[in-house]
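Q: My questions concern the predicted model and sequence given below.
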Amino acid sequence: MTSSTSSSRRALVTGASGAIGGAIARTLAAQGFGVLVHANRQREAAEALAAEIRQSGGHAEALMFDVTDRAACETALGTQLEVGPIQVIVNNAGVHDDAVFPGMRPEQWQRVIDVNLNGFFNVTQPLMLPLLRTRWGRIIAITSVAAQAGNRGQVNYAAAKGALHSAVKALALECASRGVTVNAVAPGIIATEMSAGAFDDAAIKRLVPMQRAGQAQEVADLVGFLASEKAGYISGQTIAINGAMYS
């Protein structure tokens, strides 16, 4: 639902060329936000999504940079800040590179930490002062059930996402008096191309009490709520969306 309030605000969704990020971008656009559709390598997908949103009557543009490159983030985001503050920041960009810990290569550890954790800092920190001055904002980190329950072969991924849960709690305290909320959304098994290769139907039924994978749109609906006026008193929380896994 579009509102005159949200239509004057902009939202950045990192990793928006993927299934979950794309659903989040569409949802925020439908709520009236002008959406910056971020991607790193998948320029065509990001530009196609931005065009789709515009054709549906929304406002969107593609934005390309590597979240692990601090200088690139500052350049791209600095250009956007010349237009005005970005008041909704959805840190969705992420990667996993799995291996059991004794066999994990240093580069596997570092890459996963760089994208999932350092990327949060590189994207969010340059936007903070302009955001705080507006006295309204929403910062949302997309994390994982792996950070809450652990997962074999994902010590690097669980470490990065778990660190975001702690970062969210601390940053929420810093922002609370300025009308800026900070939360994490921790999906379980969501039906995407990435999960399709890792979980067959039998595994999903074994692991998920609801007996199905979640949908990207269900994650997006939760993010949309957290980005709305209705969620103004929710901050510092990690909200799981996982079909009752590990509840």
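A: Received, thanks.

Q: quick one: what helix or strand has Leu131 in it?
A: Following DSSP states H and E, one finds Leu131 within helix 128-134.

Q: which element follows that helix toward the C-terminus?
A: Beyond helix 128-134 on the C-terminal side, the first helix or strand identified by DSSP H and E is strand 137-142.

Q: what about that following strand, distance to the chain center?
A: Strand 137-142 has its C-alpha centroid displaced from the chain centroid by 7 Å (CA atoms, centre = their mean, to the nearest Å).

Q: Against which helices or strands is it packed?
A: Under the contact definition 3 or more CB pairs under 8 Å, 6 or more residues apart in numbering; DSSP states H and E, strand 137-142 sits against strand 88-91, helix 155-175, strand 180-187, helix 216-226. For glycine as for every other residue, the C-beta is placed from the backbone atoms N, C-alpha and C.

Q: tell me the strands in this structure, going along the chain?
A: Secondary structure of the chain (DSSP state E): strands at 10-13, 34-39, 59-64, 88-91, 137-142, 180-187, 238-241.

Q: any weak-confidence spans in the protein?
A: The chain contains residues with pLDDT under 70 at 1-7, 247.

Q: middle-most residue in it, spatially?
A: Centroid-nearest residue in the chain: Asn92, 2.3 Å away (criterion: CA atoms, centre = their mean).

Q: export the strands of the chain to CSV and tack on distance to Gly21 and mean neighbour count?
A: Converted to CSV, those look like this (distance: least, CB to CB, whole Å; neighbours: other CB atoms under 10 Å):
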stretch, distance to Gly21, mean neighbour count
strand 10-13, 5, 28
strand 34-39, 8, 27
strand 59-64, 12, 19
strand 88-91, 8, 28
strand 137-142, 8, 26
strand 180-187, 12, 24
strand 238-241, 15, 18
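
Q: Perfect, that will be all.
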